[in-house]
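In: Starting from these lines, generate the structure:
(one chain, ligands or ions: 1)
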Amino acid sequence: MLEEVKLFVAENADQVEQFRIRFMARKGLISELFDQFKEVPPSDRRELGLLINELKVSTQEKLDYFKNLFEQSEKATGETIDLTLPAGFREPGTRHPLSIVRSEMIRIFSRLGFTVNDGPEIEDDWHNFSALNFPPEHPARDMQDTFFIAKDPDIALRTHTSSVQVRVMETTKPPIRAIFPGRVYRNEAISARAHCFFHQIEGLYIDHDVSFADLKQTLLYFAREMFSVDTQIRLRPSYFPFTEPSAEMDISCNLCGGKGCGFCKYTGWVEILGCGMVDPNVLENCGIDSKEYTGFAFGIGIERITNLRFQVKDLRMFSENDLRFLRQFEGAF
Ligand code: DAH
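Out: Numbers count the residues shown, from 1 in each chain. Predicted structure coming up:
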């Protein structure tokens, strides 16, 4: 019994109680020993008495030790810790569709040697408008109404990622070949087709002898990598203050293959971006010699590309955090 007590270890309070009952209860082993003690011949009593006493003391010690141990952990956690319980399951998250498409766009342009930069969402008038050739009273500013602060009208939430063109040109000597992904803001009523914030990827390429043909080939490559090898592109003349000439680019509708459907309003084409040759005034505003360098720029709406890619019909889905929507992108990479 002494040996048994010496080797005893308890894993929980229940085992301590079992141990107590086995040795110390009124009908336990130790009281049984005391009962039998009466029948022991007087000559052996002394030796046996010492052993029983030793047993009693070490049993009590063990009991005190383990009782104390489990009481402490119970106090700390309010319950006994079952280390064998399986851990709670945490569902893996999903990537946001806009993040999926943004990464894919970055991957496509990086294959053409474009690097990635970013700039601030809180911008000043110079970087968002003036340096980009929007004079103070120019009506083109109206189309990009945004959020200003009353205290300082020079500061606003940027309306486009074109502001990063200025920041990069001001601080980098050409050649420049970079894209600028980011969030932009407009003072728009929120609906299925418009939101007060959305995302763009801006592209800028400045070097010796950059031509409109380079722009067109770059965008054709992008469209075919992003959608399919037989995607067609179409450039329509347009106006932006910071490019000359300027164009808007359509791709052949990726739902009907250009035949015409409800999605492309039976035109066979859908608009995806604005682009053009960087206006010499903009180069000069940013300290780049427009006699030496030319360049092109483009701005693509990430929501637009995502809508086409995944047929999302309502822009609000992107920011409502509805898990039924977000979980549909579980398998996307
Ligand atoms: N910044 C324009 C917008 O948000 C889009 C754009 C048009 C960007 C032409 C460009 C460009 O870089 O060349 O409406």
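
In: May I have the secondary structure class of Ser290?
Out: Classification of Ser290 by DSSP: H, G, I helix; E, B strand; the rest coil places it in coil.

In: Would you agree it is in contact with Met277?
Out: No - using CB atoms under 8 Å, Ser290 makes no contact with Met277, being 10.8 Å away. Glycine gets a C-beta too; all of them are placed from N, C-alpha and C.

In: quick one, which of these two is more surrounded?
Out: Neighbours were counted for Ser290 and for Met277 using other CB atoms under 10 Å; Met277 has more, 19 against 16.

In: so how far is Glu292 from that one?
Out: Distance, Met277 to Glu292, by CB to CB, to the nearest Å: 15 Å.

In: Over to Met317?
Out: 47 Å.

In: And those two? Which one has more around it.
Out: Met317 (19 against 10).

In: which residues touch the more buried one?
Out: Neighbouring residues of Met317 by CB atoms under 8 Å, 6 or more residues apart in numbering: Phe325.

In: Look at it and report its pLDDT.
Out: Here the pLDDT value assigned to Met317 is 95.

In: Give me the pLDDT for Leu219.
Out: 98.

In: actually Pro136, sorry about that
Out: Here, the pLDDT recorded for Pro136 equals 87.

In: Ok, Ala156 next?
Out: At Ala156, pLDDT is 94.

In: Check Leu255 too.
Out: For Leu255, the pLDDT comes out at 84.

In: Look at it and say how many residues are nearby.
Out: Other residues close to Leu255 by other CB under 10 Å number 14.

In: just Asp142 next, same as before
Out: 7.

In: quick check, it in a strand?
Out: No - read with three-state DSSP, Asp142 is helix and lies in no strand.

In: Find the nearest non-adjacent residue to the single nearest residue of the stretch 51-200 of the chain relative to the ligand, please.
Out: Going by CB to the nearest ligand atom, the ligand is nearest to His160 of the stretch 51-200 of the chain, at 3.4 Å. For His160, ignoring the flanking residues on the chain, the nearest one in space by CB to CB, 6 or more residues apart in numbering is Val184 at 5.3 Å.

In: Specify the beta-bridge partners of the one you found.
Out: Phe198 (DSSP bridges).

In: one step back: my read is that the residue of the stretch 51-200 of the chain closest to the ligand contacts Ile201, right?
Out: No - contact between His160 and Ile201 fails when scored by CB under 8 Å: they sit 11.0 Å apart.

In: Find residues that contact each of the two.
Out: By CB under 8 Å, 6+ apart, the residues touching both His160 and Ile201 are Gly299.

In: And the helix or strand containing Arg46, what does it pack against?
Out: Using DSSP states H and E, the element containing Arg46 is helix 42-77. If you count contacts as 3 or more CB pairs under 8 Å, 6 or more residues apart in numbering; DSSP states H and E, helix 42-77 packs onto helix 2-7, helix 13-24, helix 29-37.

In: Around the ligand, pick out the residues from the stretch 51-200 of the chain.
Out: 160, 162 (CB under 6 Å from any ligand atom).

In: The same query, at a cut-off of 8 Å, please.
Out: Within the stretch 51-200 of the chain, the positions adjacent to the ligand are 143-144, 159-162, 165, 184, 200 by CB under 8 Å from any ligand atom.

In: Save these as JSON lines, and put in neighbour count and pLDDT too.
Out: Shown next, in JSON lines, are these (neighbours: other CB atoms under 10 Å; pLDDT from 0 to 100):
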{"residue": "Met143", "neighbour count": "8", "pLDDT": "85"}
{"residue": "Gln144", "neighbour count": "18", "pLDDT": "85"}
{"residue": "Thr159", "neighbour count": "22", "pLDDT": "96"}
{"residue": "His160", "neighbour count": "25", "pLDDT": "97"}
{"residue": "Thr161", "neighbour count": "26", "pLDDT": "98"}
{"residue": "Ser162", "neighbour count": "30", "pLDDT": "98"}
{"residue": "Gln165", "neighbour count": "29", "pLDDT": "98"}
{"residue": "Val184", "neighbour count": "24", "pLDDT": "97"}
{"residue": "Gln200", "neighbour count": "25", "pLDDT": "98"}
